[in-house]
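>>> Dropping the sequence and predicted coords here.
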Amino acid sequence: MKRLIVAIIAIFACLPASYARTSNTQQMLTLSPETRLEQRCNARAMGIVGREHRDFHPDEFVAYAFADPLVHGSSIKAPGGAVRSRGKWFHVSYECQTSADGLDVESFSYSLGSMIPRDVWAEHFLVP
């Protein structure tokens, strides 16, 4: 999976910025509205955790690890999410509102919690 992500990033790095944005938008629009909303907000969660917590380097996010996300229109609450950083998982919850098309995040708030013990990872879909 990591190799695939690196390959995709390398391809986009070689393209003009406007093409990459257009292509990404077109790919996002092929997703169902609910999936698009969750993917966009999960990406925001990883990005903001990485920016606001300098010792974190998020590389995976699971919105449904401890509770199902609640979707209503163009908003989502993920009360039981988990984010992986440096091979360890941490509790995280967020609330996110996107534009009607699910492409732009309009508001976002989150709470980063404690480290998740390794012995419960498997039962919550968390991989090393």
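Here it is on my side, so go on.
>>> quick one: which helix or strand includes the nearest residue to Tyr110 once chain neighbours are set aside?
The spatially closest residue to Tyr110, leaving aside those adjacent along the chain, is Tyr94, at 4.0 Å (C-beta to C-beta, 6 or more residues apart in numbering). All C-beta spots, glycine's among them, are computed from the backbone N, C-alpha and C. Counting by DSSP states H and E, the element that carries Tyr94 is strand 88-98.
>>> contacts for that strand?
If you take C-beta atoms under 8 Å, 6 or more residues apart in numbering as the criterion, strand 88-98 is touched by 37, 40-41, 44-45, 49, 61, 65-66, 74-84, 104-116, 121, 126.
>>> can we see that at 7 Å?
37, 40-41, 44-45, 49, 74-83, 104-116, 121, 126 (C-beta atoms under 7 Å, 6 or more residues apart in numbering).
>>> Sort out for me which of those residues are in strands.
Within the contacts of strand 88-98, residues falling in strands by DSSP state E are 75-83, 105-115.
>>> Separate out the buried members of these.
Neighbour counting with 16 or more other C-beta atoms under 10 Å marks Ile76, Lys77, Ala78, Pro79, Gly80, Gly81, Ala82, Val83, Val105, Phe108, Tyr110, Leu112 as buried within the ones in strands among the contacts of strand 88-98.
>>> before we move on, back to that, gap between the strand holding Tyr94 and the chain center?
Strand 88-98 has its C-alpha centroid displaced from the chain centroid by 8 Å (C-alpha atoms, centre = their mean, to the nearest Å).
>>> in it, what's buried?
Trp89, Phe90, His91, Val92, Ser93, Tyr94, Glu95, Cys96, Gln97, Thr98.
>>> quick check, nearest of the residues you listed to Thr25?
For the buried residues of strand 88-98, the residue nearest Thr25 by C-beta to C-beta is Thr98; the value is 13.3 Å.
>>> Pull the number of nearby residues for the residue nearest to the closest one when sequence neighbours are not counted.
Of all residues not flanking Thr98 in the chain, Ser74 sits nearest, at 4.9 Å (C-beta to C-beta, 6+ apart). Ser74: 19 surrounding residues under other C-beta atoms under 10 Å.
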